[in-house]
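Engineer: Predicted coordinates and the sequence they were generated for:
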2 protein chains.
Amino acid sequence: MKVPRTVSEYLISRLADYGVEHIFGVPGDYVLQFFQQLENSPLQVVNTCDEQGAGFAADAYARLRGLGVVCVTYCVGGLKIANATAQAFAEKSPLVVISGAPGLNERQRNPLLHHKVRDFDTQLNIFRHLTVAATDLIDVENGCCEIDRVLAAAVRHKRPVYIELPRDLTSTVCSCTRSPLPPAPTSDSGALCEALFETVKRISKARHPVLVAGIEIQRFGLQKPFMQLVEATGIPFATTPLSKSTLSEDHPLFLGVYEGAVGKEPTRREVEESDCLVMLGAFMTDVNLGIFTANLDQALTVSSSSEGSSIAFHQYPDVFLDDFLSGLVDQDLPQRSPSAEKSLSPQTSFAARDEAITIRRLFAYLETCIDSHLVLLADPGEAMFAATDLTIRHPAAFLAPAYYTSMGFAVPGAIGAQLARPDLRPLVLVGDGAFQMTGMEISTAARFGLSPIVVVLNNNGYGTERPMTDGGFNDIPAWRYHRLPEAIGAGQGFEVFTEQDFERAMTAAMERTDAPTIIDVHLDPDDHSPAWKRLTDALGAKVRGEE
Amino acid sequence: MKVPRTVSEYLISRLADYGVEHIFGVPGDYVLQFFQQLENSPLQVVNTCDEQGAGFAADAYARLRGLGVVCVTYCVGGLKIANATAQAFAEKSPLVVISGAPGLNERQRNPLLHHKVRDFDTQLNIFRHLTVAATDLIDVENGCCEIDRVLAAAVRHKRPVYIELPRDLTSTVCSCTRSPLPPAPTSDSGALCEALFETVKRISKARHPVLVAGIEIQRFGLQKPFMQLVEATGIPFATTPLSKSTLSEDHPLFLGVYEGAVGKEPTRREVEESDCLVMLGAFMTDVNLGIFTANLDQALTVSSSSEGSSIAFHQYPDVFLDDFLSGLVDQDLPQRSPSAEKSLSPQTSFAARDEAITIRRLFAYLETCIDSHLVLLADPGEAMFAATDLTIRHPAAFLAPAYYTSMGFAVPGAIGAQLARPDLRPLVLVGDGAFQMTGMEISTAARFGLSPIVVVLNNNGYGTERPMTDGGFNDIPAWRYHRLPEAIGAGQGFEVFTEQDFERAMTAAMERTDAPTIIDVHLDPDDHSPAWKRLTDALGAKVRGEE
């Protein structure tokens, strides 16, 4: 890449340094010149139907590539992705938001330029709530250093950052040189030593220790030391919904995805009955841990993350996950003999019947066809709850907003996922309600030669909400999802009522690798997955217990 | 309506007091109980495909009814409508945002409940930037007074407000009683007297005074005194793009929509050559005033709004529009004889030819069919610029985000408009780029028995941007818009290439009053409206002048 001459060219070159190859967004006049510079750079611009789609696509890209970028215009673009940015913040996804803005030379006497809401810095102030670093590059002299600082924060904290680019900076010469970044914080050595000593004692004494791999194991690329720890000690491990597929799910020591009473019973028992639970990089969130149904004994828990560590009821604020984990690997922990064989072996065959398809049978079929060429994306709702039960044998091949649970992520997310990992084909599981939010981005996928297989779990509305409180507000328009390819002029569609319909549709989808497929699966509105039933049973018991 | 028992029932009863009959939104678990209470109330819930659509629909409803309400769930819903709320703020639309939130009883020890971004008040803090009043109802004792305060602010300032409803307040008894609202600020009588005296002197001395009716004339319902002033003095008047259709455009003294060099030349000349310009309730914004092409002499200008007044270069911060306008009406101003006949008489006939349709001819046809049964909604871009030239004879029958210019407003806006004014049928003018953002909300319109006529100006991408800076980022997927009715299972679609195609499609649309119509009009990407050409000519001259 040529040597950057302007502030905006410097930004582009730094993004390329971080391995970014695609930028998602929608152009607008305050950011048009920058889009042109992007188009003339090695980065590819992927413009989506709506900014929301670009935000979700960039988030998915960030999860798989370590950095994702969304580029939009001032306010009318930026404020449309407040929610996608919030999701990236909540779930630790390193998303870079770049927004155009009025040129510094246009702001004299505070005119009411179009798109301005209240003050010139209204959007910046909003994004300060949603990011770990934000800059408006007003201090041009310092522009390049600011860009360095903000991008480094995204990578270090695995959370979104915000860069506002006044449009005249596309022609402003960048003057400052790259500054050395402040060193990453390291653990206090005394505290680390003590925490490791304590943990080793607890693990050695324990009869049933269990490791939990949280999402930070994936975000910080710590899968290798984690598996070294597993292999060296023979301690079984679980994941959480958010970190599902961080590690291969066919490892003999894998216990399953732990999500309280919402998860499978053997996994719940192993985790909750452990006398030494070591949680590494996990967030203690409600959906992630089964919506209040988790039953973990803090006295028996060791927890470490990038933000600090704790053992039982005392805290080590200056002991961080990477040091703690590599420290544990270096300890001389006893090697345990593997316990009884796990009954988690995946189903490998499915005989499709000429009967109405159910959620349970649909997922039984999916279980047989997930292979190393697929990345699964699940939208919140029945799709996500049921998908959590699937066996994913390939690391990082499952993406879902399992904590923030924003609907509409999966279809645009598939665009980001396939561009980030062209070796993987996205299989999207999405409810009809979520599809109506962002599903038309499937036309963007088609335009860029992508081939997601979108399975719409069509149960006529917000099926997850009906058992909680039902009303007309849970009904939605009855789209004919399989007819959308005709309307968008791309891809193929199938309507599915029976198991055999579904098998035929999936077979055709697998064969058609140059375009998207939409499969409209008609489900009984009263049909729910085992995971969803476990959730409602558990919540029902909880509610009764409270009354 | 029954006497409200809980805080949330009190909120519903107050909304009904303000004349609200419909609430737009998408349910989610933090707001489900409130949706059920709404369904059991006289208010109708209108759930849209995505929250963004609900935000725009409620904004349009607010513009026509004086108050509009959007109701969403915590963060994953609320943050999706940050942009629609910003638009309402920028364009003075009294929008009430109601968001569900975790119950007060769920927040102990700051757990990571789902949808939470950073802190419990992250969303509240974001909406403080976008509203004139916001409350989280944490202080339950004061809940009803808070609701009164916030709703009153929306009505007084004609700007959005935010109410966060912890979900347990749907069962919390409302304890406080309705409090007297603080009186609205009134003008300082001395200052008002002086400002009126000065203005009367200026108008009386002037040879060509001109009145400009800004958007606040509509928002505050001041059309009657404004027209009294016009009739009593014989002074001609203009509007702005944002206030277009505030007053009937076939009045003999109407000069047209003033938007600098972007507007029609006779209007520009009359306004800019006036020796006494009285601007009432107008914002001096860039798009609203022709993107920097306005050429107004401040020394000859009197301006009054709800936020203060000014004459030439001195200010009267305590003189407000309503007092100033009614004061002017009471003065003994000279009656002028009407000047020469205006050449603004609208076209009334159109002979459709078997030729490729152009923007100019399309709008010439529309000019002949706009009648008192239609409300026009125009999305930013060519649609909005060209529509500004249409003659709207019926007050408040034109809606467009003429200042904030957020794309995607018009289709969901049509839902709000038709529910607010069931006597009017929406005619939506929208570019293909904007349609792809929110156009699928046409299925929501169908579900609720509405009948918008959606004319998609299909020029294969972001046509407004191409003359500024072109690139692949201005291309979008080529949808077959007229095939969408088959995919959404409702309405009818037409594909238009020629003038006769368009006439046939519009005739069929007018006849089909029970469902939406989509008309896909294929236009040459190089075809632009006269308004757009005036804009680019003016901007071109300006750019060249700056170089």
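Structural biologist: All right, it came through fine.

Engineer: For chain B, see how far away the closest residue to A:Ser8 other than its chain neighbours is.
Structural biologist: Leaving aside its chain neighbours, A:Ser8 sits nearest to A:Thr170 (4.4 Å; criterion: C-beta to C-beta, 6 or more residues apart in numbering or on different chains). For glycine as for every other residue, the C-beta is placed from the backbone atoms N, C-alpha and C. As judged by C-beta to the nearest C-beta, to the nearest Å, A:Thr170 and chain B stand 10 Å apart.

Engineer: show me the contacts for A:Thr170.
Structural biologist: Contact analysis of A:Thr170 by C-beta atoms under 8 Å, 6 or more residues apart in numbering or on different chains lists A:6-8, A:33-34, A:37.

Engineer: what about the stretch 101-250 of chain A, any weak spots by pLDDT?
Structural biologist: The model of the stretch 101-250 of chain A has pLDDT under 70 over residues A:109-112, A:176, A:178-180.

Engineer: Return the residues of it in contact with chain B.
Structural biologist: A:111-118, A:122, A:125-126, A:129-130 (C-beta under 8 Å from any C-beta of the partner chain).

Engineer: farthest-separated two in the contacts of A:Thr170?
Structural biologist: Maximum pairwise distance in these, criterion C-beta to C-beta, is 11.8 Å, between A:Val7 and A:Gln33.

Engineer: Tell me the residues of the stretch 401-547 of chain A that contact chain B?
Structural biologist: Residues of the stretch 401-547 of chain A lying close to chain B (C-beta under 8 Å from any C-beta) are A:403-408, A:436-438, A:440, A:443-444, A:446-447, A:462, A:465, A:468-469, A:471-481, A:483-484, A:486-490.

Engineer: which among the residues you listed end up buried?
Structural biologist: When these are checked for burial by 16 or more other C-beta atoms under 10 Å in any protein chain shown, the buried set is A:403-408, A:436-438, A:440, A:443-444, A:446-447, A:462, A:465, A:469, A:471, A:473-477, A:479-481, A:483-484, A:486-488, A:490.

Engineer: Give the closest residue to A:Tyr365 in space, chain neighbours not counted.
Structural biologist: A:Phe350 (4.7 Å).

Engineer: same thing with A:Gly493?
Structural biologist: A:His482 (3.4 Å).

Engineer: The one you found and A:Phe497 touch, don't they?
Structural biologist: No - assessed by C-beta atoms under 8 Å, A:His482 is found out of contact with A:Phe497, at 11.3 Å.

Engineer: neighbour count winner among those two?
Structural biologist: A:His482 (21 against 15; other C-beta atoms under 10 Å in any protein chain shown).

Engineer: So what does the more buried one have for phi and psi?
Structural biologist: When read as degrees, to the nearest 10, the backbone of A:His482 gives phi -70, psi -10.

Engineer: Touching, A:Val46 and A:Ala420? I think so.
Structural biologist: No - between A:Val46 and A:Ala420 there is no contact under C-beta under 8 Å: 11.2 Å.

Engineer: so what's in contact with these two at the same time?
Structural biologist: A:His22.

Engineer: mind listing what A:Phe283 touches?
Structural biologist: A:Phe283 makes contact with A:214-215, A:240, A:242, A:305, A:403, B:112, according to C-beta under 8 Å, 6+ apart.

Engineer: Not counting sequence-adjacent ones, nearest residue to A:Leu79?
Structural biologist: Spatially, and ignoring its direct neighbours in sequence, A:Leu79 is nearest to B:Asn83 (3.7 Å; C-beta to C-beta, 6+ apart).

Engineer: That neighbour contacts A:Cys75, doesn't it?
Structural biologist: Yes - between B:Asn83 and A:Cys75 a contact is recorded at 7.3 Å, counting by C-beta under 8 Å.

Engineer: Return every residue with contacts to both of those two.
Structural biologist: Looking at what touches both B:Asn83 and A:Cys75 (by C-beta under 8 Å, 6+ apart), the common residues are B:Ser406.

Engineer: if I pick A:Pro412, what's in contact with it?
Structural biologist: A:48, A:52-57, A:60, A:438, A:441, A:444.

Engineer: Show me chain A divided up by domain.
Structural biologist: Per automatic domain parsing, the domain ranges recorded for chain A read A:7-170, A:189-330, A:359-534.

Engineer: which stretches of the stretch 1-150 of chain A form strands?
Structural biologist: Under the criterion DSSP state E, counting those that start in this stretch, the stretch 1-150 of chain A contains strands at A:22-25, A:44-47, A:68-72, A:95-101, A:133-135.

Engineer: Could I get the full set of helices for the stretch 1-150 of chain A?
Structural biologist: Assigned by DSSP state H, counting those that start in this stretch, the stretch 1-150 of chain A shows helices spanning A:7-17, A:32-39, A:51-65, A:82-90, A:122-128, A:143-157.

Engineer: so the nearest residue to A:Val212 once chain neighbours are set aside bridges to which residues?
Structural biologist: Spatial nearest neighbour of A:Val212, chain neighbours left out: A:Met279 (4.4 Å); criterion: C-beta to C-beta, 6+ apart. Counting by DSSP bridges, A:Met279 is bridged to A:Val212, A:Ser303.

Engineer: Could you double-check that A:Met279 sits in contact with A:Val302?
Structural biologist: Yes - with contact defined as C-beta under 8 Å, A:Met279 and A:Val302 form a contacting pair (7.0 Å).

Engineer: now A:Ser93: how far from A:Asp139?
Structural biologist: Noted for A:Ser93: a distance of 28 Å to A:Asp139, by C-beta to C-beta, to the nearest Å.

Engineer: Would you mind telling me which of these two has the busier surroundings?
Structural biologist: A:Ser93 (28 against 11).

Engineer: tell me the contacts of that one?
Structural biologist: Taking C-beta under 8 Å, 6+ apart, one finds A:59, A:62-63, A:68, A:87, A:158-160, A:219 in contact with A:Ser93.

Engineer: change it to 6 Å
Structural biologist: A:Ser93 is in contact with A:59, A:62-63, counting by C-beta atoms under 6 Å, 6 or more residues apart in numbering or on different chains.

Engineer: A:Ala420 now?
Structural biologist: Per C-beta under 6 Å, 6+ apart, neighbours of A:Ala420: A:61, A:64-65.

Engineer: at 8 Å what do you get?
Structural biologist: By C-beta under 8 Å, 6+ apart, the neighbours of A:Ala420 are A:22, A:60-61, A:64-65, A:68.

Engineer: repeat for A:Val155
Structural biologist: Neighbours of A:Val155 in contact, by C-beta under 8 Å, 6+ apart: A:18, A:66-67, A:94.

Engineer: Check A:Val456 too.
Structural biologist: Applying C-beta under 8 Å, 6+ apart, the residues near A:Val456 are A:430-432, A:435, A:439, A:481, A:518-521.

Engineer: related to what we said a few turns ago, can I get the buried part of the contacts of A:Pro412 as one PyMOL selection?
Structural biologist: In PyMOL, this line selects whichever of the contacts of A:Pro412 come out buried by 16+ other C-beta under 10 Å:
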select buried, chain A and resi 48+52+53+54+55+56+57+60+438+441+444
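
Engineer: Just send the contacts of A:Pro412 back as CSV, with pLDDT too.
Structural biologist: Converted to CSV, the contacts of A:Pro412 look like this (pLDDT from 0 to 100):
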residue, pLDDT
A:Thr48, 98
A:Gln52, 98
A:Gly53, 98
A:Ala54, 98
A:Gly55, 98
A:Phe56, 98
A:Ala57, 98
A:Ala60, 98
A:Thr438, 98
A:Glu441, 98
A:Thr444, 98
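
Engineer: tell me the secondary structure for A:Asp250?
Structural biologist: coil (DSSP: H, G, I helix; E, B strand; the rest coil).

Engineer: Where does the nearest residue to it once chain neighbours are set aside sit, in terms of helix or strand?
Structural biologist: Using C-beta to C-beta, 6+ apart and skipping the chain neighbours, the partner closest in space to A:Asp250 is A:Arg393 (4.7 Å). Taking DSSP states H and E as the definition, one finds A:Arg393 inside no helix or strand.
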